[in-house]
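Colleague: got a structure for you, letters missing:
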């Protein structure tokens, strides 16, 4: 049903239907009112009012059908008009008198209704008279023209378990976490911090070409990974190396990819941080944003068809939700009933674009319902909340075979990447505030320590060990052999085609002839 | 092996064996049109691999060109289904399915609408194996799309976008010329461990009828076929354009010009050796395609042959292609690379 409100003239729009009593309300009475004397208009007004009452009483089947049978007695009041009318009247088409009438109306008529009129009338006998059916199913109608507001008066609340001091909020819903699990989660969050710091510095020193940190998002990274099973297939964006870390990707393996050496599973073909591991069910990262979302729907559908006890988990940032692939991914997952958990890291920034420039909705969580997807907003800096939400979402996805959307509220403490200096577009004290006062690692540490599961000694031992391991890993990776030149030409197809064989031969000869033109170390 | 003519003014016949053309298969079969041959290939594909899927807009009821008739009824709605109207979603979903080891046979309703999926095809499908160091691949992905002029299609139901895809290392581009070829090539594409874009000449869906063997057979990719032997000039084409070119060859023969006609079949990676050998024999090359001439795939063939056969060439390489305009409606007969345009080019090349 479409509506148009014209300047200075209210229009009432109704879905066209052959129920005569509705028609009575507006069309013919308006004309009668205009041309009658004040007394008769009052009388007619009264009749109108009575008819309105009649409409409200017309819920019962018998009354409706008896009224219909009595149609012919009052043709002036009840008229089924199936003549084609233009959908929109221009103000010039409307007569000046009709313009003044408070009952001026525009009828929007579906031509399909004419042929189905009888069918519809029969249906009204059978069901509540206040409902109509359209291809999408039954929908109630209303004569009140009411727009759904662009935003709710209250934002969707954020689910959290730990307060900022790391204490569990009384009466929280959450899935308990054992000491062993909690300590492991904390260790990994701290390791991720150390890893980010050292790799970032390595890039600054020119030892690797690029790096991208997850500072501020350690809880999202580790706690969501902890909540999944190893068989769940992960399609990351690029700020989720913690998921790989949790699953067992070693610091050496991270370093090898960053250096693109011979041990890199990616064979040196992509920029640093574009990790991937088929062994750990973590799809190789690609730079284009949101392309993984419709792919995740396909992966989920495969798991569904193969009846696996597993789901797909895919990550996206706040910026990525503006991409068409976000719409495609969620819509496909919903329609195909694929077990996919969509996790959106709403960290406030897409490089220099603040979320106020990204969308006008209440974040991402409200978009779930638009696709028929169950959704939740979670405090992404609360490891326990993240754990519980992802665990629950995963169970729902697998047992109910449906997608779920989780919006994790957080803050990107670091720059977008080593190619970015975020102090250029945001306040340094904003960054500092989140780094110091809203730090997810510190918050979880407080809870773990309060339980007596962690000490200052454990902390310094962990951090110094992690630091040492990382420095060793970087040194080793840096010295490691480079990829052989042939890897430039492999894997474009499953088998090297003739044109690549030729190009490889040509390049090898060139390198032999003029080695000074090329970087050393690539075995020919 | 019978060839039946369509009822339109564009008479179609398929190259016969009488001029010594070599054929991979000389088996007989039932006369089928193009959409039926494709339908047969899809039935066989789904039958032989239980982890294969066919999906796209409107494929459930048989598809707007009837290529998917009977599949949903036979294999079930879990394997043959309609998707929402979203090409980027269709291909992205297909990549995900293929990455999990399934065969995803995706339909894009018209090649004109493939562009929203271009990012998924170029940035994702084509690079999926390479960027992961062969840890992952989406080789099970096959994208089918009707392409080409149909007489009344205008801008958005007539495009030949093959050139865009020929520029993308990592995918294959295949275009069949007839029903028998389509079935064998499509089965090869579906079973090829690389993502493939398969353009079907929509003009031939009903118009082309040919005997198609009923069994499961595959025609190899990246192998061009000399479908007509000759000595004076080599013509290279693909898809529906070959029937036009063949008519030109017949007319040229009446004027004493012996033409060799090659069906490229696979445009990426393309069989340079067959074309090279032919041009070294004839000394002349003419390429014809419906797509606009500038930046069309004919340019790639021309440049390559020039590099390889320069001293053997008696004349410049000729390209008889569509004009550099959006595909027009009422002007289609002027836009198209017609038989007479080709014949004129043959003569001027031979008389250079």
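Modeller: Looks like it came in fine. On a predicted model such as this, the values are computed, not experimentally measured, just so you know.

Colleague: wait, what's in contact with residue A:209?
Modeller: Shown in contact with residue A:209 (CB atoms under 8 Å, 6 or more residues apart in numbering or on different chains): A:203, A:271, A:272. (C-beta placed from N, C-alpha, C; glycine too.)

Colleague: if you drop the residues flanking it in sequence, what lies closest to the last one?
Modeller: Right, the one you point to is residue A:272. Nearest residue to residue A:272 in three dimensions, chain neighbours excluded: residue A:258, at 3.9 Å (CB to CB, 6 or more residues apart in numbering or on different chains).

Colleague: touching, that neighbour and residue A:208? I think so.
Modeller: Yes - if you go by CB atoms under 8 Å, residue A:258 and residue A:208 touch, sitting 4.6 Å apart.

Colleague: these two: which is more packed in?
Modeller: When neighbours are counted by other CB atoms under 10 Å in any protein chain shown, residue A:258 and residue A:208 differ, and residue A:258 comes out ahead with 26 against 23.

Colleague: check contacts around that one.
Modeller: Residues near residue A:258 by CB under 8 Å, 6+ apart: A:199, A:202, A:208, A:211, A:272, A:273, A:477.

Colleague: in what helix or strand does it lie?
Modeller: helix A:251-259 (DSSP states H and E).

Colleague: over to residue A:197?
Modeller: Going by DSSP H and E, residue A:197 is in helix A:179-204.

Colleague: state the mean pLDDT of that helix.
Modeller: Mean pLDDT, helix A:179-204: 98.

Colleague: can you give me the angle the very next helix or strand once past that helix makes with helix A:179-204?
Modeller: Downstream of helix A:179-204, the first helix or strand assigned by DSSP H and E is helix A:218-226. Using axes from the mean of the first three to the mean of the last three CA atoms, to 10 degrees, the direction of helix A:218-226 lies 130 degrees away from that of helix A:179-204.

Colleague: for the helix or strand following helix A:218-226, packing partners?
Modeller: Using DSSP H and E, the next helix or strand after helix A:218-226 towards the C-terminus is strand A:233-235. When contacts are defined as 3 or more CB pairs under 8 Å, 6 or more residues apart in numbering or on different chains; DSSP states H and E, strand A:233-235 sits against helix A:292-305, strand A:312-317.

Colleague: what is the neighbour count of the one residue in the stretch 201-350 of chain B that gets nearest to chain A?
Modeller: Nearest residue of the stretch 201-350 of chain B to chain A (CB to the nearest CB) works out as residue B:269 at 4.0 Å. Residues lying near residue B:269 (other CB under 10 Å) number 20.

Colleague: just the pLDDT for it.
Modeller: Reported pLDDT for residue B:269: 98.

Colleague: now swap in residue A:130 and tell me
Modeller: So residue A:130 comes in at 76 (pLDDT).

Colleague: quick one: low-confidence ranges for chain B?
Modeller: Applying pLDDT under 70 to chain B flags residues B:1-25.

Colleague: okay, domains of it per the record?
Modeller: B:29-213, B:225-351 (the TED database).

Colleague: just the ones you listed: most buried one?
Modeller: Neighbour counts (mean count of other CB atoms under 10 Å in any protein chain shown) averaged over each of the domains of chain B peak at domain B:29-213, with a mean of 23.

Colleague: that's a strand at residue A:264, yeah?
Modeller: No - using DSSP: H, G, I helix; E, B strand; the rest coil, the assignment for residue A:264 is coil, not a strand.

Colleague: ok, it touching residue A:483?
Modeller: Yes - using CB under 8 Å, residue A:264 is in contact with residue A:483, at 7.2 Å.

Colleague: okay, now residue B:215: neighbour count?
Modeller: So residue B:215, with other CB under 10 Å, has 10 neighbours.

Colleague: could you do residue A:178 as well?
Modeller: Residue A:178 has 9 nearby residues by other CB under 10 Å.

Colleague: same check, this time on residue A:505
Modeller: The burial count for residue A:505: 11, using other CB under 10 Å.

Colleague: ok, the residue lying closest to residue B:106 once chain neighbours are set aside - contacts?
Modeller: Of all residues not flanking residue B:106 in the chain, residue B:94 sits nearest, at 4.2 Å (CB to CB, 6+ apart). Residues near residue B:94 by CB under 8 Å, 6+ apart: A:298, B:55, B:104, B:106, B:138, B:141, B:143.

Colleague: phi, psi for the residue sitting nearest the centre point of chain B please.
Modeller: Nearest residue to the geometric centre of chain B (CA atoms, centre = their mean): residue B:175, 1.2 Å. Torsion angles at residue B:175 (phi, psi; degrees, to the nearest 10) stand at phi -140, psi 120.

Colleague: repeat that for residue A:159.
Modeller: phi -80, psi 130.

Colleague: that one - how many residues pack around it?
Modeller: Neighbour number of residue A:159 under other CB under 10 Å is 20.

Colleague: list the contacts of it.
Modeller: A:173, A:376, A:377, A:378, A:379, A:385, A:389.

Colleague: swap in residue A:422?
Modeller: Contacts of residue A:422 by CB under 8 Å, 6+ apart are A:349, A:352, A:412, A:414, A:415, A:416, A:431.

Colleague: and which of those residues is nearest to residue A:488?
Modeller: Of all the contacts of residue A:422, residue A:488 sits closest to residue A:416, with 29.3 Å by CB to CB.

Colleague: so what's that closest one closest to, chain neighbours aside?
Modeller: Residue A:416's closest residue in space is residue A:351 (CB to CB, 6+ apart), at 4.5 Å.

Colleague: ok, now residue A:367?
Modeller: Per CB to CB, 6+ apart, closest to residue A:367 is residue A:361, 6.3 Å.

Colleague: same check, this time on residue A:314
Modeller: residue A:296 (3.7 Å).

Colleague: just checking, that neighbour touches residue A:329?
Modeller: Yes - with contacts counted by CB under 8 Å, residue A:296 reaches residue A:329, the gap being 6.2 Å.

Colleague: between those two, tell me which one has more neighbours.
Modeller: residue A:329 (37 against 32).

Colleague: distance of the more buried one from residue B:200?
Modeller: 28 Å (CB to CB, to the nearest Å).

Colleague: the residue of the stretch 301-450 of chain A found nearest chain B - how many residues pack around it?
Modeller: Among the residues of the stretch 301-450 of chain A, residue A:328 lies nearest to chain B; the distance is 3.2 Å by CB to the nearest CB. By other CB under 10 Å, 29 other residues sit near residue A:328.

Colleague: right, and it touches residue A:293 too?
Modeller: Yes - at 6.9 Å, residue A:328 and residue A:293 qualify as touching, with contact defined as CB under 8 Å.
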